[in-house]
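Q: How does the following fold in three dimensions:
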Amino acid sequence: MLTLSEIAKAMGAAVLGDGQVRVDGLAEPAMAGPTDLALAMSPRFGDALREGRAVAAVVWEGADWNALGLKAAIVVPRPRLAMAQLTQMMGRSDIFTGVHATAVIDPTATIGDGVAIGPFCVIGADVDIGADTRLAAHVTVGPRSRIGAHGQIEAGVRIGRDVSLGNRVILQPNVVIGGDGFSFVTQAPSIAETGRRTLGKTPFDPLEDATQHRIHSLGGVKVGDDVEVGANSTIDAGTIRATSVGSGTKIDNLVQVGHNVVLGRDCLLCAQTAIAGSAAIGDRTILGGKSGVADNITIGNDCLLGGAAIALSDIPRGSFVMGYPAKPMQTYRAEQRALRDAAKGK
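A: The predicted model follows:
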């Protein structure tokens, strides 16, 4: 259990009332008990807090904590930042320590101090796992791959050959990093090549030989420090050079990053985003849910693609785009207004 004074000090926040009140978990105001820290960081939680059993809470600026029936409170100016701090502080790990008896580890692998390797993991030849990294059950790591220190690799993750992960990387369940890219070629130019060259003006003739020949991905994947990848997301290996993910980038669930993609630092990729092969995404760029980026194009630094936006051409630095095809937000909204007005007969 932690005292409120200890929690407030770690957050750099102020504590009001009895700082020696102890808590052992976080809870919503209506469900909080006497040993929970209630999260009431908006006035809309005031009634639930008064009616509940919590004696300590994190409250909004200007809250009258005495009137809320509390013994103590922590005041925070930025609720979501407080949530990040609190959940990191109060989180629990269910991954055991040591190496499970069912793990299969190649004798050439290097395992750092304090590494935990769960049941039925398979560690390939010449793998290097940094200190204090934790692998949950059924994780596989391919030959010549490296995982940095203090990593968290959850159950069912598949790390292919020649993958490099930085320090403090978090991979949620069933992430796949380093699978082959979706890259094929036909003997003669395919209808995709013809259509792009002629802009669809020429009818397609059937190919005599439409066999798709695989282009293997030999380049691996390089992931920086402090990257997180959400459940069931995939990052494909590069063809010759590595697919690259910059430090600090966070990737949501069900995201596809294609072969040869270069992702910058501190990017956010929301759920169901897809980035086609050889695209380049600048630093601090955010891709909204279900957004897409076509192959071989460049998105500049500090861009924002709204939800379901599809980028089919280069986007300059600092742009906010929406729609399909993606266009400046002001243009997109003006077009939508015009369509609504036309539908109304204006």
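Q: Show me the residue at the heart of the protein, geometrically.
A: With distances taken as CA atoms, centre = their mean, residue 251 lies nearest the centre of the chain, 2.1 Å away.
Q: what residues are up against residue 147?
A: Counting by CB atoms under 8 Å, 6 or more residues apart in numbering, residue 147 makes contact with 127, 128, 129, 130, 133, 141, 153, 159, 165, 169. No exception for glycine: its C-beta is placed from N, CA and C like everyone else's.
Q: Among those, which ones are in strands?
A: Judged by DSSP state E, the contacts of residue 147 include 128, 129, 141, 153, 159, 165 as members of strands.
Q: Model confidence at the residue nearest to the centre of the chain, what's the number?
A: Looking at residue 251, its pLDDT stands at 98.
Q: Over to residue 79?
A: Confidence score, pLDDT, at residue 79: 87.
Q: Give me the phi and psi angles of the closest residue to it other than its chain neighbours.
A: Taking CB to CB, 6 or more residues apart in numbering, and ignoring the residues beside it in sequence, residue 79 has residue 41 as its nearest neighbour in space, at 3.7 Å. Main-chain torsions, residue 41, degrees, to the nearest 10: phi -90, psi 20.
Q: related to what we said a few turns ago, any chance of the ones in strands among the contacts of residue 147 in CSV, plus neighbour count and distance to residue 210?
A: Converted to CSV, these look like this (neighbours: other CB atoms under 10 Å; distance: CB to CB, whole Å):
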residue, neighbour count, distance to residue 210
128, 17, 43
129, 26, 44
141, 30, 37
153, 27, 40
159, 27, 34
165, 28, 38
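Q: just to revisit the earlier point, for the residue nearest to residue 79, list the residues it contacts.
A: 58, 59, 60, 76, 79, 82, 83.
Q: ok, the residues you listed vs residue 333, which is closest?
A: residue 79 (28.9 Å; CB to CB).
Q: Please tell me how far that closest one sits from residue 147.
A: Using CB to CB, to the nearest Å, residue 79 is found at 34 Å from residue 147.
Q: mind giving me the domain ranges of this structure?
A: 2-90, 104-330 (automatic domain parsing).
Q: worst average pLDDT in those domains?
A: Minimum mean pLDDT among the domains of the chain: domain 2-90, a mean of 92.
Q: quick one: it to chain centroid distance?
A: 28 Å (CA atoms, centre = their mean, to the nearest Å).
Q: Look at it and report the distance between its end residues.
A: One end of domain 2-90 sits 9 Å from the other (CA to CA, to the nearest Å).
Q: same deal with stretch 135-154?
A: OK, stretch 135-154 end separation, CA to CA: 6 Å.
Q: Enumerate the positions of stretch 233-252 that are buried.
A: Residues of stretch 233-252 classed as buried by neighbour count (16 or more other CB atoms under 10 Å): 233-239, 242-252.
Q: now the domains of the chain as CSV including distance to residue 340?
A: Converted to CSV, those look like this (distance: least, CB to CB, whole Å):
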stretch, distance to residue 340
domain 2-90, 32
domain 104-330, 14
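Q: Quick check: which of these is nearest to residue 343?
A: domain 104-330 (17.2 Å).
Q: Could you tell me the end-to-end distance of that closest one?
A: Terminal residues of domain 104-330 are spaced 56 Å apart (CA to CA).
Q: Next: stretch 51-62.
A: 19 Å.
Q: This protein: helices as residue ranges?
A: For the chain, the helices defined by DSSP state H cover 4-11, 46-51, 79-90, 191-198, 329-343.
Q: how about TSV for those helices, with mean neighbour count added?
A: Below are those laid out as TSV (neighbours: other CB atoms under 10 Å):
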stretch	mean neighbour count
helix 4-11	18
helix 46-51	16
helix 79-90	14
helix 191-198	13
helix 329-343	12
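Q: Now that we have these, can you turn them into TSV and tack on distance to residue 110?
A: Shown next, in TSV, are these (distance: least, CB to CB, whole Å):
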stretch	distance to residue 110
helix 4-11	34
helix 46-51	52
helix 79-90	29
helix 191-198	44
helix 329-343	49
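Q: Leaving out chain neighbours, which residue sits closest to residue 308?
A: residue 290 (4.5 Å).
Q: what's near enough to touch that neighbour?
A: 270, 271, 272, 273, 307, 308.
Q: who wins for most neighbours among those?
A: Counting neighbours by other CB atoms under 10 Å, residue 273 leads the contacts of residue 290 with 26 neighbours.
Q: thought that one was touching residue 285?
A: No - using CB atoms under 8 Å as the test, residue 273 is too far from residue 285 to be in contact (11.2 Å).
Q: still on that earlier bit, widest-spaced pair of the ones in strands among the contacts of residue 147?
A: Every pair of those checked by CB to CB; the farthest is 128 and 153, at 13.8 Å.
Q: ends of stretch 116-126, how far apart?
A: Span of stretch 116-126 from end to end, CA to CA: 18 Å.
Q: from now on call the first residue 820
A: Okay, using 820 as the starting number, the last item reads as stretch 935-945.
Q: mind listing what's buried in it?
A: Buried, per 16+ other CB under 10 Å, within stretch 935-945: 935, 936, 937, 940, 941, 942, 943.
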